[in-house]
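Visitor: Make a model of this:
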Amino acid sequence: MSGKLVSTILLKDIPEAKLVMVALASHCYSDTLDCWPSIPLLARECQTTDRQIYRLLSKLKRLGYITSERNGPRPMIFTLHPRLRR
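Guide: Next comes the predicted model:
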């Protein structure tokens with residue numbers, strides 16, 4: 001995760017979902033914006049419930065800041081799109 005990526009996220013107007021976005025970014029490799037943390041892991045990192053993580057991920061998807069896809073039995077893959085203007 002780069003400092004520039006976090007700075008971009010911190011400037012977004014998504015106060016309740018910002019921590020989830022930063023947590024997702026912390027799981028991205030340096031050369032990609034893809035990650036696949038589990039929902040329970042995100043909930044622990046953000047000190048909230050699995051249910052709240054699902055709600056915030058839905059909001060981030062609706063706003064276009066992330067996309068997700070399930071690849072068979074593998075974990076959900078999230079792709080960050082922090083450069084979108086909102």
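
Visitor: distance between stretch 75-86 and the chain's centre?
Guide: Between the centre of stretch 75-86 and the centre of its host chain there is 6 Å, according to CA atoms, centre = their mean, to the nearest Å.

Visitor: Can you give me the buried ones in that stretch?
Guide: Phe78, Leu80, Pro82 (16 or more other CB atoms under 10 Å). The way it works is simple: take the backbone N, C-alpha and C, and place the C-beta from them, glycine included.

Visitor: How about stretch 25-40?
Guide: Ala25, His27, Cys28, Leu33, Cys35, Pro37.

Visitor: what's the first-to-last distance across stretch 42-56?
Guide: Separation of the first and last residues of stretch 42-56 by CA to CA, to the nearest Å is 11 Å.

Visitor: try stretch 38-55
Guide: For stretch 38-55, the separation between the terminal residues is 15 Å (CA to CA).
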